[in-house]
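Novice: got a predicted model here, sequence first, then my questions.
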Amino acid sequence: MNENTLYDLADLFKVFGDSTRIRILVDLMENGERSVSELAEDLEMTQSAISHQLRTLKQSKLAKSRREGKSVIYSLDDEHVRSIIAAGQEHIEEDRV
C-alpha cells in the first residue's frame, strides 16, 4: 500500500473513533433514512450536535443526504459502511463468547 492510501485509511478509521458518530451510523443502519430531528430524538441529543457529526460523516463518505421538501434526509452512503460496522461488531463479539 502506498503512503497516501495509508494516510487515507488512517483518516477513515479516525472517523469511527467517536462513539456519537458510531451511534448515528448504527441508527441509520437499523432504521434506514432519517432526518436530523429523528436522529436527535433517537439518540437523545440536540439537533446541533447531530448536524455537526453528520457533516463529518458526509465528508468521509460514510453518510449521504438528499432533500425532501424542506427536510434533509440522511442514510448510509453505501453497503461498504454496513460491512465495516458489521465486521467491527463481529470482531469485538468473538472475544465475548
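Specialist: Received, thanks.
Novice: just the helices in this protein please.
Specialist: Taking DSSP state H to define them, one finds helices in the chain at 3-15, 19-31, 36-43, 47-59, 79-93.
Novice: which of the residues in the second one are buried?
Specialist: In this case it means helix 19-31. Across helix 19-31, burial judged by 16 or more other Cβ atoms under 10 Å covers 21, 23-28. To be clear about C-beta, it is placed using only N, CA and C from the backbone, and glycine gets the same treatment.
Novice: distance of the nearest residue to residue 18 once chain neighbours are set aside from residue 2?
Specialist: Of all residues not flanking residue 18 in the chain, residue 53 sits nearest, at 7.2 Å (Cβ to Cβ, 6 or more residues apart in numbering). Distance of residue 53 to residue 2, given as Cβ to Cβ, to the nearest Å: 30 Å.
Novice: what's the answer for residue 25, then?
Specialist: Residue 25 sits 28 Å away from residue 2, going by Cβ to Cβ.
Novice: how about residue 32?
Specialist: Going from residue 32 to residue 2 by Cβ to Cβ gives 36 Å.
Novice: the two - which one has more neighbours?
Specialist: Using other Cβ atoms under 10 Å, the more surrounded residue of residue 32 and residue 2 is residue 32, with 10 against 7.
Novice: and the more buried one, what pLDDT?
Specialist: Looking at residue 32, its pLDDT is 96.
Novice: show me what contacts the closest residue to it other than its chain neighbours?
Specialist: Take residue 32 and drop its neighbours on the chain: the residue closest to it by Cβ to Cβ, 6+ apart is residue 75, 6.7 Å away. Counting by Cβ atoms under 8 Å, 6 or more residues apart in numbering, residue 75 makes contact with 28, 32-34, 63-66.
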